[in-house]
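Participant: need the 3D shape of this:
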Amino acid sequence: MTPEFYYLLNVILVSRLLFLPGDTPVPLKAATLMTLLQIAGLLILQFDYGLWVLFILLAAFNFGFSLLERKWQNLDVVRLSSLLVNIILASIFLSQWIGLEFSYDRIAFLQQLRNYSVLLDWSEKANFSAINVQVMGFLLVINEVNYIIRYQLRVSKILPHPSASDPESKPNRVSEYRTGKLIGVLERVIIYFLILNNEIAAIGFVLAAKGLLRFKELEKREFSEFVLIGTLLSALLALLVGSMIKGLLE
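Facilitator: From the prediction side, this is the model:
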């Protein structure tokens, strides 16, 4: 796979991170902004007919999936499907058949920016191909993995939900869910970087620390099932992504 392929995926992943709301269908305005960001990010590629076709297809898929989210209740499946379509789209346009490539004139222009700030001196020796791959894994674990976890928790019917007999429980359940989501993201990021740095043994300490912090709350069976399944699934996916990225780097 080419550096252009990883770059294109990162542009798509960043736009999804910024403009796809968590639990609600994406508004048309957000879909428009997401498309514009993707187009702006791809301006570093050489202009030819293939790039224009890619622009049109990205816009069509973004708006198409935005409409589909309004009609289909299973939001996570739609989001995962749209990611899969984007990956397939990137693989086609970066293949030898179409062969989109970086515009080296634009890259040379960007490289000149280091002359205006010593803070950019590091870029002269940076391996941008490796950075692209690592960033792709980071974006996967902080956002895209959430859709898999949430889908599995919904299928298992253990997502926290307010009790009909206790309306006051709703704010607490929503707060628990948001806090758990943030903890899960931080947990996956730590595991991801531990794998890249060959610190596999330290992963156990991360999971143990999380268990100690929520020890008293685990006395509730429903909540303990939610935390246990969510934690194990989150850690497993972080391990898989980290191992995949490590393999690509090698």
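
Participant: distance of I148 relative to L240?
Facilitator: 10 Å (Cβ to Cβ, to the nearest Å). C-beta: built from backbone N, CA, C; applies to glycine.

Participant: which SS class is F47?
Facilitator: coil (DSSP: H, G, I helix; E, B strand; the rest coil).

Participant: run through the residues that contact it.
Facilitator: Applying Cβ atoms under 8 Å, 6 or more residues apart in numbering to F47 gives the contacts S103.

Participant: L196 touches I245, doesn't it?
Facilitator: Yes: if you go by Cβ atoms under 8 Å, L196 and I245 touch, sitting 6.8 Å apart.

Participant: find residues that contact each of those two.
Facilitator: In contact with both L196 and I245: Q134, G137, using Cβ under 8 Å, 6+ apart.

Participant: neighbour-wise, which of those two wins?
Facilitator: Of the pair L196 and I245, I245 is the one with more neighbours under other Cβ atoms under 10 Å, namely 22 against 16.

Participant: so which strand or helix has that one?
Facilitator: Per DSSP states H and E, I245 falls inside helix 221-249.

Participant: other SSEs contacting that helix?
Facilitator: Contacts defined by 3 or more Cβ pairs under 8 Å, 6 or more residues apart in numbering; DSSP states H and E place helix 221-249 against helix 128-139, helix 145-155, helix 169-196, helix 202-213.

Participant: okay, the ones you listed in a markdown table with mean pLDDT next?
Facilitator: Below are those laid out as a markdown table (pLDDT from 0 to 100):
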| stretch | mean pLDDT |
| --- | --- |
| helix 128-139 | 93 |
| helix 145-155 | 88 |
| helix 169-196 | 78 |
| helix 202-213 | 76 |
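
Participant: got the domain ranges for the protein?
Facilitator: By the assignment in automatic domain parsing, the chain contains the domains 3-123, 131-249.

Participant: which of those has the lowest mean pLDDT?
Facilitator: Among these, domain 131-249 has the lowest mean pLDDT, at a mean of 79.

Participant: related to what we said a few turns ago, out of the helices and strands packed on helix 221-249, flag the one nearest K29.
Facilitator: Minimum separation from K29 across these (Cβ to Cβ) falls at helix 145-155, 21.4 Å.

Participant: got the angle for that closest one vs helix 128-139?
Facilitator: 30 degrees (axes from the mean of the first three to the mean of the last three Cα atoms, to 10 degrees).

Participant: buried stuff in helix 145-155?
Facilitator: Buried positions in helix 145-155, judged by neighbour count with 16 or more other Cβ atoms under 10 Å: V145, N146, Y147, I148, I149, R150, Y151, Q152, L153.

Participant: what's in contact with that helix?
Facilitator: Counting by Cβ under 8 Å, 6+ apart, 22, 74, 76-77, 79-80, 83, 159, 181, 184-185, 188, 226, 229-230, 233-234, 237-238, 241 sit against helix 145-155.

Participant: swap in stretch 59-77?
Facilitator: 23-28, 30-31, 34-35, 38-39, 78-79, 81-82, 85-86, 89, 147-148, 150-151, 154.
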